[in-house]
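Colleague: this is the structure alone, sequence omitted:
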């Protein structure tokens, strides 16, 4: 089958289905521009955790597909101050009194472009802050975010562009809460599966899942271990070291399924969070450390960056499917 794009319905929302001979995917603009399905057609494997019903999705939207995080992960007490401007987010993790995962993943996005060309498939969506005036009480800046999904053969390129449309700079952090089925197929055991991360530093967390500022350096081999048993749980923050491993990618392998996913991120993504529950695994690339603006650590370590008026930052990731 040649490259294709078609409109359909999924979870009672407008869906964009697209694919080629190797990959089939479903994007839902109204649900945070979420990539809710990514299938290997030859293997017949759904790689992402996909909801069966709208009720399932509504119970925990952040645990399906590939939610876009801006800002990523937790903000202590939902508040930080940067250069005399205070940013206040709603507390949505009540038991720990944090804000978590930002405000892009649950808002409707616009579709700017859908195209099949000789180069492949291209879909562009847009989030414009001025379309949601109530957000100014959380993030008092004008900006837009464009997502570009480009499918060519067995690779899905995902580009995020953050544009400062205002007259003042602002701090920014971004990431993805990508939820893979893991093991990739039900007949696989955890002993068939492996996650490799390009990291050598693990951050210590307190009882609120916030970094204490302390970290442990370790040999990469110490955390490149097989996931053995359903009882092994992760909710950890790691740093990527480009000098030790220049290619910034998480690799998920299910030997019994004969499938490997290589999740590549550019060098803006200095951190990986690894989170799991029974049946799924989330390798999450971040541009800043959890709670970064509130940490008394230099910004070159926390990843806090500033976007100037009229400036745009481009962040690139890729999902590469391989049969093994």
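Modeller: Looks like it arrived, so ask away. Computed from a predicted model, the values in this text were never measured in an experiment.
Colleague: ok, then the element right after the longest helix seen in the chain?
Modeller: Ordering each helix of the chain by length in residues (DSSP state H) puts helix 54-59 first. Remark: after helix 54-59, the chain's next helix or strand is strand 68-69, criterion DSSP states H and E.
Colleague: might you list the low-confidence residue ranges for the stretch 1-150 of the chain?
Modeller: Residue ranges of the stretch 1-150 of the chain with pLDDT under 70: 1.
Colleague: how about the strands in it?
Modeller: All strands of the stretch 1-150 of the chain, identified by DSSP state E, counting those that start in this stretch, fall at 4-10, 13-19, 23-28, 34-40, 45-46, 68-69, 74-76, 79-82, 85-88, 98-100, 110-117, 120-128, 143-152.
Colleague: in the last one, which residues are buried?
Modeller: Taking 16 or more other CB atoms under 10 Å as the basis for neighbour counts, the residues of strand 143-152 that come out buried are 143-151. (Glycine included, C-beta is placed from N, CA and C.)
Colleague: which stretches of the stretch 201-324 of the chain form helices?
Modeller: When secondary structure is read from DSSP state H, counting those that start in this stretch, the stretch 201-324 of the chain shows helices at 220-223, 299-302.
Colleague: could you tell me the least trusted of these?
Modeller: When those are compared on mean pLDDT, helix 220-223 scores lowest, with a mean of 58.
Colleague: so which of the strands of the stretch 1-150 of the chain gets nearest residue 215?
Modeller: strand 74-76 (16.8 Å; CB to CB).
Colleague: centre of the chain to that closest one, how far?
Modeller: Relative to its chain's centre, strand 74-76 lies at 17 Å (CA atoms, centre = their mean, to the nearest Å).
Colleague: other SSEs contacting that strand?
Modeller: Applying 3 or more CB pairs under 8 Å, 6 or more residues apart in numbering; DSSP states H and E, we find strand 74-76 packed against strand 98-100.
Colleague: what is the strand it packs on packed up against?
Modeller: Checking 3+ CB pairs under 8 Å, 6+ apart, strand 98-100 ends up next to strand 74-76.
Colleague: paired strands for the strand it packs on, with orientation please.
Modeller: Here strand 74-76 is paired, per DSSP bridges, with strand 98-100 (antiparallel).
Colleague: residue 273 reaches residue 281, doesn't it?
Modeller: No: between residue 273 and residue 281 there is no contact, the gap being 11.3 Å when judged by CB atoms under 8 Å.
Colleague: so the residue nearest to residue 119 when sequence neighbours are not counted bridges to which residues?
Modeller: Of all residues not flanking residue 119 in the chain, residue 152 sits nearest, at 6.9 Å (CB to CB, 6 or more residues apart in numbering). Beta bridges link residue 152 to residue 155 when assigned by DSSP bridges.
Colleague: contacting residues around residue 152?
Modeller: 119-121 (CB atoms under 8 Å, 6 or more residues apart in numbering).
Colleague: will you turn the residues you listed into CSV that also has distance to residue 160 and neighbour count?
Modeller: Converted to CSV, those look like this (distance: CB to CB, whole Å; neighbours: other CB atoms under 10 Å):
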residue, distance to residue 160, neighbour count
119, 20, 10
120, 18, 17
121, 18, 22
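Colleague: out of these, which comes closest to residue 27?
Modeller: For the contacts of residue 152, the nearest to residue 27 is residue 121 (10.7 Å; CB to CB).
Colleague: now stretch 62-73, how far from the centre of its chain.
Modeller: 5 Å.
Colleague: so what touches the strand ranked longest in the chain?
Modeller: When secondary structure is assigned using DSSP state E, the longest strand within the chain turns out to be strand 312-323. Under the criterion CB under 8 Å, 6+ apart, residues 22-23, 38, 40, 42-43, 47, 154-164, 172, 174, 176, 258-266, 268-269, 285, 287, 305, 307 lie in contact with strand 312-323.
Colleague: can you list which of the residues you listed are found in strands?
Modeller: Those of these lying in strands (DSSP E): 23, 38, 40, 155-164, 172, 176, 259-265, 285, 305, 307.
Colleague: partners of the longest strand of the chain in the sheet?
Modeller: Here, using DSSP bridges, strand 312-323 pairs with strand 155-164 (antiparallel), strand 259-265 (antiparallel).
Colleague: could I get the buried residue list for it?
Modeller: For strand 312-323, using 16+ other CB under 10 Å, the buried residues are 313, 315-321.
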